[in-house]
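Peer 1: Dropping a prediction and its sequence here:
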Amino acid sequence: MVYLRTIRLMREQFPQTNRYPFTLPSIRQLEEIEITSSVTYFVGENGSGKSTLLEAVAYQCGFHTAGGSRNHFYEVDRSEASLGDFVRLSWMPKQTNGFFLRAESFYQFASHVDELERERSTGFSAYGGRSLHEQSHGESFLSLFTNRFTGKGIYLLDEPEAALSPMRQLAFLYVMKDLVDEGAQFLIATHSPILMGFPEAKILNFDASPMEEIRYEDTEHYQLTRRFLENRDRYWVD
């Protein structure tokens, strides 16, 4: 299912500044992204703008920009989402159910869940019956995916592979497949060639200027990983 159909940057309203992210080539030359797949990946080097744009989308969705859904309110240093006011989203139909995952601030989100549990005593029913802090990093991520995510929602994930071993990344792909079959849509910023191997996904390359769609086999992530695995000794030659 594709709920979010287009992401449009209001470049004519950009502030006159040399500050990040408004100087990024991928942002300065981007006008509109048309979303045509239930799974869309943002890929590129660190600092290319992929996470910044995903955060802006989360801001426009009304999700907590440090991680969470529309119903999560907790005190933490929220990301500024400096691009958020300059993004417009087009939906068909509008989808308000969903979640924004930030790997770098997941600890704060887990602490927020613990605080809610102390207030409501739900038995962590939405998180596998245990505090996320009482699970390993990878277990807590998968617990969130399998218990908190449901079909008919939009899920924005910023580098979810940060806590997942290769085996757990494969497990997550199966979770994604089930959720997509139930009507979920995913936008994922990632460096993982495993995660971006989801069938028929759309991959957007933020290293290109302007940003462009790229085949899985043409991504630097795939090519570099394959070259290294096939002949790792060559990378240690003086």
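Peer 2: Structure's in. What do you need? Numbers count the residues shown, from 1 in each chain.
Peer 1: just for the protein, where's the confidence low?
Peer 2: Applying pLDDT under 70 to the chain picks out residues 69-81, 103-139, 238.
Peer 1: That one: strands as residue ranges?
Peer 2: Applying DSSP state E to the chain gives strands spanning 4-9, 32-34, 39-43, 87-91, 98-102, 154-158, 185-189, 202-205, 212-213.
Peer 1: distance of residue 93 from residue 85?
Peer 2: According to CB to CB, to the nearest Å, residue 93 and residue 85 sit 24 Å apart. To be clear about C-beta, it is placed using only N, CA and C from the backbone, and glycine gets the same treatment.
Peer 1: Show me which of the two is the more surrounded one.
Peer 2: More crowded of residue 93 and residue 85, by other CB atoms under 10 Å: residue 85, with 13 against 6.
Peer 1: which ones are touching that one?
Peer 2: Counting by CB atoms under 8 Å, 6 or more residues apart in numbering, residue 85 makes contact with residue 59.
Peer 1: okay if I get the strands of the chain as a markdown table plus distance to residue 175?
Peer 2: Formatted as a markdown table, these follow (distance: least, CB to CB, whole Å):
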| stretch | distance to residue 175 |
| --- | --- |
| strand 4-9 | 20 |
| strand 32-34 | 25 |
| strand 39-43 | 12 |
| strand 87-91 | 24 |
| strand 98-102 | 13 |
| strand 154-158 | 11 |
| strand 185-189 | 11 |
| strand 202-205 | 19 |
| strand 212-213 | 25 |
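Peer 1: do you know which of those lies nearest residue 225?
Peer 2: Of all the strands of the chain, it is strand 39-43 that lies closest to residue 225, at 12.6 Å by CB to CB.
Peer 1: what residues does the closest one touch?
Peer 2: So strand 39-43 is in contact with 50-51, 53-54, 176, 180, 185-191, 195-196, 198, 200-207, 214, 219, 221, going by CB under 8 Å, 6+ apart.
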